[in-house]
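**Student:** Whatever this is, show me its structure:
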Amino acid sequence: MNKLIELLRHLFRMKPKNVGTTIFAPIKILPEYLVDEGNGKVIGVVKHNEKVYLTVVVDVLNRKTKVQGSLRRIRNHTNPFRKSHYIEMIQREAHHLIHTNRSK
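**Tutor:** Take a look at the predicted model:
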């Protein structure tokens, strides 16, 4: 019975319900970070050709994030990543940087 189900899934290109898809892509533009350990803040900056396009200020202690800028003009360099992806990446890195520095 299981072999029949696997054959039907293969023929109709159906995925099992508990399987997801992950897409890996290289990040062409990496954010730069400035860490203020005293206030628990991290500033992530996305630059291209020395011009700042996106600034994300993460206040880890107060759990607040402030975003300024856009990636529209460098969309061809940041594809398939969107502004939200960069914000999430900077937030995760900020939490990691602040918590590892505080534990030392």
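**Student:** use CA for all of it now, contacts and neighbours both
**Tutor:** Will do.
**Student:** Now the spatially most central residue of the chain: phi and psi?
**Tutor:** The chain has M89 as the residue nearest its centroid, 3.0 Å off, counting by Cα atoms, centre = their mean. Dihedral angles of M89 (phi, psi; degrees, to the nearest 10) stand at phi -60, psi -40.
**Student:** from here on, count from 8
**Tutor:** Yep, numbering from 8; the last one is M96 now.
**Student:** how near is it to N108?
**Tutor:** 18 Å (Cα to Cα, to the nearest Å).
**Student:** Ok, N83 next?
**Tutor:** N83 is 35 Å from N108, by Cα to Cα.
**Student:** got the residue ranges for the strands in the protein?
**Tutor:** 39-43, 48-55, 58-66, 71-76 (DSSP state E).
**Student:** Deepest-packed of those, please.
**Tutor:** Most buried of the strands of the chain, by mean neighbour count (mean count of other Cα atoms under 10 Å): strand 48-55, with a mean of 21.
**Student:** partners of that one in the sheet?
**Tutor:** Strand 48-55 has its sheet partners listed here by DSSP bridges as strand 39-43 (antiparallel), strand 58-66 (antiparallel).
**Student:** quick one: contacts of the shortest one?
**Tutor:** With Cα atoms under 8 Å, 6 or more residues apart in numbering as the contact definition, strand 39-43 has outside contacts at 48-54, 104-105.
**Student:** let's see 6 Å
**Tutor:** 49-52 (Cα atoms under 6 Å, 6 or more residues apart in numbering).
**Student:** Quick check: of the residues you listed, which lies closest to I36?
**Tutor:** Checking those against I36 by Cα to Cα gives V52 as the nearest, at 10.4 Å.
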